[in-house]
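Engineer: what would the 3D arrangement of this be:
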Amino acid sequence: MPTQPLPGQPGFVVPAPQDRPRYDRRAVRVLVLDDTDRMLLFQDSDLGLDPVAHWWVTPGGGVDPGESDLEAGVRELWEETGLVVDASALVGPLLTRVVVHGYSDKVVDQVEVFYVVRVPAFEVDTTAHTEEERLTVADIRWWSLADLATTADDVWPRDVLDVLALASRPDEWRDGPVQALSVEESSVPASEQIGGMDAKATAWGYLRSQRAAVIWKVEGLSERDQRMPLTPTGTNLLGVVKHLAGCEAEYFGLCLGRPWPEPMPFLAVDAEPNADMWATEEESPAEVLDLYRRVTAFADESIEPLGLDAPATVPWWRTTRTDLHTLLVHMAVETARHAGQLDILREQLDGARGLRDGGSNLPDVDTAWWEAYAARLRDIALRSPGGATTDG
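Structural biologist: Now for the predicted structure:
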């Protein structure tokens with residue numbers, strides 16, 4: 001971290017935005033609720049700005065080397081609030097996201113994981129605060145949820161109440177945290193932006209959101225339906241997931257010099273054609289979905305410490321030398337393409353449809369409307385050139 005004086009200390013010089021050091025880290029955030037449903041937030045500050053910028057944030061911080069997310073959450077709660085809890089008291093992880101924090105003195109590209117803990121109301125103890133926290137924490141407040149919903153103050157994350165609501169919907173995160181889209185939350189916008197977001201965070205965030213859609217489209221069906229081929233070329237739900245697991249293992253493993261450690265016979269040179277596009281009788285749906293989750297977690301471990309210009313080699317491409325940026329874009333597009341296939345297959349199987357869990361992105365109309373809509377389009381198609389049929 002910076003060796004120069006901290007913002008707010010004598011001798012601190014605000015660097016030009018393009019000269020700020022940039023760091024990657026993993027962090028844990030804990031939503032602390034008391035027995036009256038108030039949430040504990042700290043008012044943080046950027047003292048390098050005039051006027052000083054303020055925002056409210058949950059307790060939490062960086063994960064130390066060798067530390068698990070849960071261990072970091074327990075430690076951060078004690079250091080920042082004086083609260084001592086057992087790891088079993090933390091509910092989650094509910095959600096993970098990639099966020100860019102731009103400040104007057106640095107830019108942090110951060111992977112965040114969110115937990116919730118409920119405790120009796122207590123007096124916050126700041127004895128263990130760091131020197132920087134003693135400078136920058138301007139206020140500590142227990143917020144009612146009603147006040148949080150209507151405040152004009154900046155709160156990071158902006159959708160903190162939506163994150164909290166996940167605690168009451170464990171089916172959405174029991175098998176892994178919800179993958180949120182990338183965001184930027186900054187007092188001074190980060191450099192190298194695309195539409196206000198860091199380029200790596202943007203590409204990675206879209207990939208993660210498409211991964212979540214893939215899982216959602218396949219879960220909740222019978223094994224028969226998960227395996228059923230629904231096109232003349234045999235496209236099926238489990239096969240798409242297996243294929244994507246293989247893609248992520250190769251692009252974010254082999255191509256980055258960090259091979260996936262488990263055998264994948266369906267990718268072998270002597271495997272039968274299309275072996276990655278269907279699950280054998282010995283491969284259960286649970287095993288295929290677990291493989292995808294483990295491979296994508298492995299891929300994220302490969303991605304997290306690297307810059308976009310990190311070198312990569314794709315032996316099967318015409319131009320084999322490339323970089324992480326290209327791999328992220330390629331896999332986001334690859335996953336979105338297959339998620340679109342899953343959209344159609346799933347609707348054919350049980351009528352389920354929509355953009356993501358909890359957000360259909362479709363008109364709020366009933367079945368009769370959809371039937372009339374489809375009939376109208378079918379009639380137009382049949383009356384178009386080449387569409388009419390006649391009895392011989």
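Engineer: ends of stretch 149-160, what's the gap?
Structural biologist: The stretch stretch 149-160 measures 9 Å between its terminal residues, going by CA to CA, to the nearest Å.
Engineer: tell me the mean pLDDT over it?
Structural biologist: Across stretch 149-160, the average pLDDT comes to 90.
Engineer: what does stretch 211-231 give?
Structural biologist: Summarised as a single mean, pLDDT over stretch 211-231 is 91.
Engineer: repeat for stretch 105-125
Structural biologist: The pLDDT scores in stretch 105-125 average 93.
Engineer: over to stretch 74-82?
Structural biologist: Looking at stretch 74-82 alone, the average pLDDT works out to 96.
Engineer: who touches that stretch?
Structural biologist: Surrounding stretch 74-82, the residues in contact under the criterion CB atoms under 8 Å, 6 or more residues apart in numbering are 28, 30, 32, 40, 42, 59-61, 64, 67, 83-87, 90, 117, 122-130, 133. Placement of C-beta: from N, CA and C, glycine included.
Engineer: inside helices: which ones of those?
Structural biologist: Counting by DSSP state H, these place Glu133 in helices.
Engineer: quick check on the contacts of stretch 74-82: which are buried?
Structural biologist: With burial judged by 16 or more other CB atoms under 10 Å, the buried subset of the contacts of stretch 74-82 is 28, 30, 32, 40, 42, 59-61, 83, 85, 90, 117, 129.
Engineer: among the residues you listed, which two are most distant?
Structural biologist: Distance extremes for these: the farthest pair is Leu90 and His129 at 20.9 Å, using CB to CB.
Engineer: tell me where the stretch 51-200 of the chain has strands.
Structural biologist: Under the criterion DSSP state E, counting those that start in this stretch, the stretch 51-200 of the chain contains strands at 53-57, 60-62, 91-102, 107-118, 139-144, 155-156, 178-179, 183-184, 193-194, 197-198.
Engineer: quick one: closest of the ones you listed to Gln226.
Structural biologist: strand 178-179 (21.0 Å).
Engineer: ok, Asp34 touching Val117?
Structural biologist: No: with contact taken as CB atoms under 8 Å, Asp34 and Val117 are classed as non-touching, separated by 10.2 Å.
Engineer: got a list of what the closest residue in space to Met228 that isn't next to it in sequence touches?
Structural biologist: Closest residue in space to Met228, ignoring its immediate chain neighbours: Asn236 at 6.0 Å, by CB to CB, 6 or more residues apart in numbering. If a contact means CB under 8 Å, 6+ apart, then Asn236 has Gln226, Arg227, Met228, Pro229, Leu230, Met277, Trp278, Leu345 as its contacts.
Engineer: great, nothing more from me.
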